[in-house]
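**Q** no sequence for this one, just the structure:
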């Protein structure tokens, strides 16, 4: 637990726990990867978490967590169908009830089951993780989609707790696991599709160099997206790229640039390449295994325990200076004042979700250093403009805007906010006035959260990174294999929006604390959070995630009359029997999980028939597929907003809703006045 004293305290090692939800009783019904994460998050935030049956708890719990992703929860009354279950919850719920299902309880696929593989397919991730049309998608190891659903369950519970404490009326939170994947891991690709951008999506496609490079003893991942990064990179590897003057030229000569980098790296160790380029401010990281990352983290001054906590962070706490300014009650979302000094993805999306839930979120922008997502494409309809960025608009809804004060105006008045979020460099955060030390120095209790690739302390605190660099550094890439058996990365940045979800959990819980007599600063390392998702792979006895089980397994099929791939999970001999009966032929024994199984003449309606039979199956969607998918559109996940320059467009909203209520209305991202003249 956090110690309270007259001086700041920092939890440098071990899982950080807080008491903000003390007195909140939580019941998880059954067990699953999602429930393990959701319960772990709430426990870390101070709640009492038990596992059992609703009828076994004499005093009704404040929060009930139920996972129906793989089917009806074992032993829970209410019948196997979603409609019967929903009626049961309406009769039994006395506070906050959270149900996660594959596709949403109130959707027309309410009774469909899902698996980690089918969720990655249904959520669009696997559609953008391809090495070629003839190959099966690249599937990351572990239980990333199911873990993510657990984090979203925890946020839904906290949102519901705010609502219940304010109104006194019970709430049933309906979490869609498919929607959770789309709204987070697919957020950039979905932004590209929703804004009808003509070029390819994915921020890595705008980099040069961009990708994995072999070194003497391993590999590094390098991604250069900014002109200043290109200049630093060119200088660091001089003279091999002296002839390429700018990043624009580098993009036009991407193959030449990568070839020269390969030559340069081939004579150096991976860690040497990392150190040299990071010293120059270039995002470059060695590809570590999970165990190597843990070993290096200890030596670098940020020791971690993989799987030790679902919300890894370091915490600093100081007592409030003025008792008159100390709040002795939770802060309602409608009264919560959030300053979001973020750029790119993780912090902006967290601010957008908080704004969608009703918090007052102010986007702090520096007119002289606009967010790279404002400045660089893809742009809506392919027309450039500072108010037309697909990525920026998708990540910054439900906020008002405030300019960074000019130099002669002094620093930002952080005392006007309860919560300050930033993912700026430490130096820039101080210049702007949003650094943790300044927030902690205020008279009134406040929460400061900084997010960075590797944390603000330790040997890596100056390192630059993007999502794919972090995947490589924290062990995800080293554990991932593509269809050829080669090391690979998933095609979308997963850890950035996962960090957004973690930030939201911390903020919601802090606001629910019964008293605020201290100021708190949280230092989040995205690499540590990424490693926490791989707990199934930790330890020398961890099973090979690609080894097929005795019966069934995870695999892909190709339909006969199209290029459509279908992801299938068969978890038992009974599943295999149902599958073979519908398909009309035996399932070959899988050599490895995630392989492309060749079965000829499969009808295009096969996915619907397998789903109707209760199997975890999904077509492998892309963002473009989901944009036009009738089912997703029927759920209301894509929310319309209105802006002065773009008119009506859509953003991906919250992946949960309250049963019996419409989805919350969202507002468009703040626009810059006179942007067309800049």
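**A** Arrived safely. Please read all numbers here as calculations on a predicted model, not as lab measurements.
**Q** what bridges to residue 553?
**A** Legend: beta-bridge partners of residue 553 under DSSP bridges are residue 570.
**Q** again, but for residue 658
**A** Beta-bridge partners recorded for residue 658 (DSSP bridges): residue 173.
**Q** How many residues are close by it?
**A** Residues lying near residue 658 (other C-beta atoms under 10 Å) number 17. C-beta coordinates here come from the backbone N, C-alpha and C atoms, glycine included.
**Q** My guess is it contacts residue 170. True?
**A** No. Assessed by C-beta atoms under 8 Å, residue 658 is found out of contact with residue 170, at 10.1 Å.
**Q** okay, which residue is most central for this structure?
**A** Nearest residue to the geometric centre of the chain (C-alpha atoms, centre = their mean): residue 498, 2.0 Å.
**Q** residues in contact with that residue?
**A** Listed by C-beta atoms under 8 Å, 6 or more residues apart in numbering, the contact set of residue 498 reads 148, 151, 184-185, 529-530, 533.
**Q** and after the host helix or strand of it, which helix or strand comes next?
**A** Under the criterion of DSSP states H and E, residue 498 resides in helix 495-512. Downstream of helix 495-512, the first helix or strand assigned by DSSP H and E is strand 518-525.
**Q** That next one packs against which elements?
**A** Secondary-structure packing of strand 518-525 (3 or more C-beta pairs under 8 Å, 6 or more residues apart in numbering; DSSP states H and E): strand 314-319, helix 436-440, strand 447-452, helix 495-512.
**Q** pLDDT of the helix or strand following it, averaged?
**A** The helix or strand immediately downstream of strand 518-525 is helix 526-532, counting by DSSP H and E. For helix 526-532, mean pLDDT rounds to 96.
**Q** Likewise for stretch 578-597?
**A** Averaged over stretch 578-597, pLDDT sits at 94.
**Q** Ok, stretch 449-459 next?
**A** 95.
**Q** same deal with stretch 274-282?
**A** Here the average pLDDT along stretch 274-282 is 96.
**Q** What residues of that stretch count as buried?
**A** Judged by neighbour count using 16 or more other C-beta atoms under 10 Å, the buried positions of stretch 274-282 are 274-278, 280-282.
**Q** I'd guessed residue 629 sits against residue 621; true?
**A** Yes. Residue 629 lies in contact with residue 621 (C-beta under 8 Å); the separation is 6.9 Å.
**Q** quick one: which of these two has more around it?
**A** Neighbour tally, residue 629 and residue 621, criterion other C-beta under 10 Å: the higher count belongs to residue 621, 26 against 16.
**Q** State the helix or strand in which that one lies.
**A** Per DSSP H and E, there is no helix or strand for residue 621.
**Q** Against residue 193, how distant is it?
**A** As judged by C-beta to C-beta, to the nearest Å, residue 621 and residue 193 stand 11 Å apart.
**Q** Also residue 527?
**A** 29 Å.
**Q** who does the closest residue to residue 456 other than its chain neighbours bridge with?
**A** Using C-beta to C-beta, 6 or more residues apart in numbering and skipping the chain neighbours, the partner closest in space to residue 456 is residue 523 (4.9 Å). Using DSSP bridges, the bridge partners assigned to residue 523 are residue 314, residue 450.
**Q** And for residue 643, nearest residue in space, chain neighbours not counted?
**A** The shortest distance from residue 643 to any non-neighbouring residue, by C-beta to C-beta, 6+ apart, is to residue 668 (3.9 Å).
**Q** I'd like the next helix or strand past the helix or strand of the chain with the lowest mean pLDDT.
**A** Every helix and strand of the chain was ranked by mean pLDDT, DSSP states H and E. The lowest is strand 9-11, at a mean of 51. Remark: after strand 9-11, the chain's next helix or strand is strand 25-29, criterion DSSP H and E.
**Q** so what strands line up beside that next one?
**A** Sheet partners assigned to strand 25-29 using DSSP bridges are listed as strand 48-51 (parallel), strand 63-67 (parallel).
**Q** Quick check: residue 244 touching residue 250?
**A** Yes. Shown here, residue 244 and residue 250 form a contact pair, counting by C-beta under 8 Å, at 5.2 Å.
**Q** Comparing the two, which residue is more hemmed in?
**A** Taking other C-beta under 10 Å, residue 244 and residue 250 do not tie; residue 250 has more neighbours (23 against 19).
**Q** Please name the residues that touch the residue nearest to that one when sequence neighbours are not counted.
**A** Among residues not flanking residue 250 along the chain, residue 208 sits closest, at 3.9 Å (C-beta to C-beta, 6+ apart). Residue 208 makes contacts with 224, 230, 247, 250-251, 253-254, 257-258, as judged by C-beta under 8 Å, 6+ apart.
**Q** How much space separates residue 208 from residue 257?
**A** Relative to residue 257, residue 208 is positioned 5 Å away (C-beta to C-beta).
**Q** do residue 168 as well
**A** Distance from residue 168 to residue 257, by C-beta to C-beta: 61 Å.
**Q** So for these two, which sits in the more crowded spot?
**A** residue 257 (26 against 8).
**Q** pretty sure the more buried one contacts residue 244?
**A** Yes. Taking C-beta under 8 Å as the definition, residue 257 is a contact partner of residue 244 at 6.5 Å.
**Q** Please determine how far residue 406 is located from residue 367.
**A** Using C-beta to C-beta, we find residue 406 at a distance of 9 Å from residue 367.
**Q** show me the contacts for residue 221.
**A** Residue 221 touches 211-213, 284-285, 287, 468-469, 471-473, 477, 489, counting by C-beta under 8 Å, 6+ apart.
**Q** And whichever strand or helix holds residue 574, what's buried?
**A** In the assignment (DSSP H and E), residue 574 maps to helix 573-583. Residues of helix 573-583 classed as buried: 575-576, 578-579, 583 (neighbour count, 16+ other C-beta under 10 Å).
**Q** what's residue 180 in contact with, if anything?
**A** By C-beta under 8 Å, 6+ apart, the contact list for residue 180 reads 123, 145, 148-149, 152, 655-656.
**Q** Next SSE downstream of the helix or strand containing it?
**A** Following DSSP H and E, one finds residue 180 within helix 177-183. Per DSSP H and E, the first helix or strand lying C-terminal to helix 177-183 is helix 187-194.
**Q** for the stretch 101-250 of the chain, what spans make up the helices?
**A** Secondary structure of the stretch 101-250 of the chain, counting by DSSP state H, counting those that start in this stretch: helices at 116-122, 144-167, 177-183, 187-194, 227-236, 247-252.
**Q** of those helices, which approaches residue 86 most closely?
**A** The minimum distance between residue 86 and these falls on helix 144-167, with 15.3 Å, by C-beta to C-beta.
**Q** Run the angle between the closest one and helix 495-512 for me.
**A** 20 degrees (axes from the mean of the first three to the mean of the last three C-alpha atoms, to 10 degrees).
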